[in-house]
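1. need a structure here:
(2 chains)
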Amino acid sequence: MNKVKLPEAAGAAVAVKTSLDASVLLGEWSNTNHSATGIARLMLAQTENGIIIRVLGAGNPQPFDWGEAPAELFADLPELNQAMSFTSFHDLEFMSVWLLAYVNKGVLVVVSLSRFQDNSGRSNYWDKELFFRSREPDTVQ
Amino acid sequence: MKYLRVQDQAENIGAAVTGAPLDLSGTWLNTNTETPGITRVTCRADGETLRVRFEGNGSSEPSDWGEVTAEMLYAASIRGGPAMSFVASFDLGFKKVRVGANLNQGLLVMSIHHSLQNDAAGQSNYFAREFFHR
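-> Presented below is the predicted three-dimensional model:
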């Protein structure tokens, strides 16, 4: 796996406390497109400080590890306790990415909003990808 | 050129630009006329930036959220093009709202994430996905 070497401050994930039930979101999610060139997989895990997300970008031969970031959870309605959506922000130095995601009928819909910060000439761009849960939360490392 | 996804490789790209947000401009109305949420969104291009105003139904949402500048505009491709998406944030005191919006087949599709402040009466942060037409 291609590992990203990030400064310690950027790589340290400080999770946000939440009391929402995250069971619908936890686990490993794999892109429904086996030839995806964006995000290959992402993993959400419960820690003592909240929910952490780890993203693997599509790579050849190995995916790129974006490291961990805290995920903020959202229910469908304020009176509900089941989290069906999350947002996360990934500062990768040369690029930053907002992920806005929600579950719909068992599919995790992930909108990524990418901004390049390295004067490489690449445009900020919007993308949307679909994921299925490939591993239940208890088996995610 | 660094990349962490295959699709972010872009040789000979020159200077790709996210264009002015003209396609996003206008008054957008919720397709759900019974919505308890946001009823109208007004977007106006101000040079290369986008100013966004939200209006609610006055009961479950404030009637006027005020106007903010979109934090970032996004094209549909790494190679640039017209702005077709934006991110904006509103601080309403009792809650903070982050909005991600994109154009799709003539609709403005919005993911709206509400973060309640000060543990608002045991309520949860919540998310809504709404559709707007011009």
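
2. would you map the strands across the chain?
-> If you meant another chain, say so; for now it's chain A. A:2-3, A:27-31, A:39-47, A:50-57, A:64-75, A:83-91, A:95-104, A:107-116, A:125-135 (DSSP state E).

3. my bad, chain B
-> Under DSSP E, chain B gives strands at B:26-30, B:38-46, B:49-56, B:67-69, B:72-74, B:85-91, B:95-104, B:107-116, B:126-133.

4. I'd like these as JSON lines, with mean neighbour count and distance to A:Leu130 appended.
-> Heads up, the C-betas are built off the backbone N, CA and C, glycines and all. Shown next, in JSON lines, are the strands of chain B (neighbours: other CB atoms under 10 Å in any protein chain shown; distance: least, CB to CB, whole Å):
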{"stretch": "strand B:26-30", "mean neighbour count": "18", "distance to A:Leu130": "25"}
{"stretch": "strand B:38-46", "mean neighbour count": "18", "distance to A:Leu130": "25"}
{"stretch": "strand B:49-56", "mean neighbour count": "20", "distance to A:Leu130": "27"}
{"stretch": "strand B:67-69", "mean neighbour count": "14", "distance to A:Leu130": "30"}
{"stretch": "strand B:72-74", "mean neighbour count": "24", "distance to A:Leu130": "19"}
{"stretch": "strand B:85-91", "mean neighbour count": "21", "distance to A:Leu130": "17"}
{"stretch": "strand B:95-104", "mean neighbour count": "20", "distance to A:Leu130": "15"}
{"stretch": "strand B:107-116", "mean neighbour count": "20", "distance to A:Leu130": "15"}
{"stretch": "strand B:126-133", "mean neighbour count": "19", "distance to A:Leu130": "15"}
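
5. redo the strands of chain A as a markdown table? Include distance to chain B, mean pLDDT and mean neighbour count.
-> Shown next, in a markdown table, are those (distance: least, CB to the nearest CB, whole Å; pLDDT from 0 to 100; neighbours: other CB atoms under 10 Å in any protein chain shown):
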| stretch | distance to chain B | mean pLDDT | mean neighbour count |
| --- | --- | --- | --- |
| strand A:2-3 | 8 | 44 | 12 |
| strand A:27-31 | 11 | 97 | 21 |
| strand A:39-47 | 7 | 96 | 20 |
| strand A:50-57 | 4 | 97 | 22 |
| strand A:64-75 | 4 | 97 | 22 |
| strand A:83-91 | 4 | 97 | 22 |
| strand A:95-104 | 4 | 97 | 20 |
| strand A:107-116 | 6 | 96 | 21 |
| strand A:125-135 | 4 | 95 | 18 |
